[in-house]
Structure formats: structure tokens, C-alpha cells
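**Student:** Give me coordinates for this.
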Amino acid sequence: MKYTGERVIPHLMNPRSGILMEHIARYQFAKDFAKGRVLDIACGVGFGSEILLEQNPKITKYVGIDNCKETIEYAKDNYHFLETEYYVEDALDENLDKKYGTFDTIISFETIEHFEGDHIFVNNLYNLLKPDGTLLISTPFGKGKNEPCSCPFHVYQYKEEEFIEVLKPFSQLTMYHQIDSTIEIPIPNHKYYLMVAVCKK
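**Tutor:** This is a model prediction of the structure:
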């Protein structure tokens, strides 16, 4: 498997890569929230499972879903643990909850900006989440959904208020911001480039 600008493959990357360290930081952040049945939607090569499961008995099952068959095969070969299952699926398939049931925790990092249909995707996440379950979802800051996006891998990038708006189905939402490996409640006048929302159903 080859490394691309949007596909993080730790075994093929410099351990000090900024992109890799940022992605690892998000999974380390998620570890404090993850419990029970965990869904990682757009899991990529599955490296997040290793971080989430390490010395974390609160997780009973990790299910990784990605739309790339090659990526899922790589995950099965390199990040297979007793608690893990991996499947090739489309994040916009509205029958995902019927196929896989519901989850205590859902993680979706750097996914929603990659396709049209964000409301369908968020509705899927809502249906896949158990009552009182927790969703962790991230996306980069942008100029807005109606503005040209400079990243060739992204359909659009949100302003913060747009991201909050699309997550309205959830009853509670706490916003965090990321810069480098730091994820924190935003500090006024600090420059951040990525948003992480922690949502409750």
C-alpha cells in the first residue's frame, strides 16, 4: 500500500511526521471517551484501534468501516486484535444501523468534508449511536461550504458555525479545537486549524 496525502499509514511514515502525530493525538483524545461497542467510521488502515484498545478494558468491541477494500485488507493484516472487526462499507449507506446495530461510541475523524451528503452522514451516525452514546467527529476549519476548497481531497470545508449546524440532531455538543498535537477547549484569539466535536445523543 502506498502513502497518500490523506491516507495515514504509520508503518510507511516518519514517526515525527506532523500529520501522523496530529492523527495519533485525536485517537489519544478519543480514548478518554471510548467505551463499549466502538465504531470507527472511515477508519483507514485501522491504526486507531491499537491506540484505543491499549490498556483500555472499557472497550468490548471495535468495528472499523472504510470504503476502500485495499485499506480494510491492510487493517486486517496489520491491526487485527481480539476485539476488532473490519468491513468495507459506504458511510452514506442509510442501512448501516440495520447491518451493524448500534454503538456506545462512534469515532469519525476527517471524514465529513470528503463527500456531498453531510446531512445523510450525520443522520447515519445518529441512527448508529445508542441513546446517551458519544460521537467524536473532527473536520478542518475552512472558508465555508459555499466557498472554493483548496484541498483536492475535500468537497468543502466548514466554518465552525456550519459544522455545529450540521450536528444539530445531537442533544449535547462540546467543541474542542486542535493545533499540532494539542486538543483543547478553544482559547480566545488562538489560531487553530481543526475542530473536534464531542456529541451526545
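**Student:** Neighbours of the nearest residue to Lys31 once chain neighbours are set aside, how many?
**Tutor:** Sequence neighbours aside, Leu52 is the residue nearest to Lys31 in space, at 5.5 Å (criterion: Cβ to Cβ, 6 or more residues apart in numbering). Placement of C-beta: from N, CA and C, glycine included. Using other Cβ atoms under 10 Å, Leu52 has 23 other residues around it.
**Student:** Quick check: Leu52 vs Asn146, distance?
**Tutor:** Distance, Leu52 to Asn146, using Cβ to Cβ, to the nearest Å: 35 Å.
**Student:** Check the secondary structure at the residue nearest to Lys31 for me.
**Tutor:** Classification of Leu52 using DSSP: H, G, I helix; E, B strand; the rest coil returns helix.
**Student:** buried residues in the lengthiest helix in the chain?
**Tutor:** When the chain is parsed with DSSP state H, its longest helix is helix 18-31. For helix 18-31, burial by neighbour count (16 or more other Cβ atoms under 10 Å) applies to Leu20, Glu22, His23, Ile24, Ala25, Arg26, Tyr27, Phe29, Ala30, Lys31.
**Student:** Confidence-wise, which of the residues you listed comes last?
**Tutor:** Lowest pLDDT among those: Leu20, with 81.
**Student:** Pretty sure that one sits against Asn14.
**Tutor:** Yes: counting by Cβ atoms under 8 Å, Asn14 is a contact partner of Leu20 at 7.4 Å.
**Student:** After the longest strand anywhere in the chain, which helix or strand is next? Please name it.
**Tutor:** Counting residues, the longest strand found in the chain (DSSP state E) is strand 129-140. Counting by DSSP states H and E, the next helix or strand C-terminal to strand 129-140 is helix 160-166.
**Student:** Neighbours of Asn189, how many?
**Tutor:** 5.
**Student:** tell me the contacts of it?
**Tutor:** Shown in contact with Asn189 (Cβ atoms under 8 Å, 6 or more residues apart in numbering): no residues.
**Student:** Secondary structure class of it, three-state.
**Tutor:** Asn189 ends up coil, using three-state DSSP.
**Student:** CA atoms of stretch 105-118 as CSV?
**Tutor:** The C-alpha trace of stretch 105-118 is given here as CSV (Å, rounded to 0.1, in the frame of the first residue of the first chain):
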residue,chain,number,x,y,z
THR,A,105,-19.1,5.3,21.0
ILE,A,106,-18.6,6.4,17.4
ILE,A,107,-15.4,8.0,16.0
SER,A,108,-15.3,9.8,12.7
PHE,A,109,-12.1,11.7,12.2
GLU,A,110,-11.5,13.7,9.0
THR,A,111,-14.4,12.2,7.1
ILE,A,112,-17.4,14.5,6.7
GLU,A,113,-15.5,17.0,4.4
HIS,A,114,-14.8,14.3,1.8
PHE,A,115,-18.3,14.0,0.2
GLU,A,116,-21.5,15.6,-0.6
GLY,A,117,-24.3,14.5,1.7
ASP,A,118,-23.2,15.6,5.1
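**Student:** Cool, thanks, signing off.
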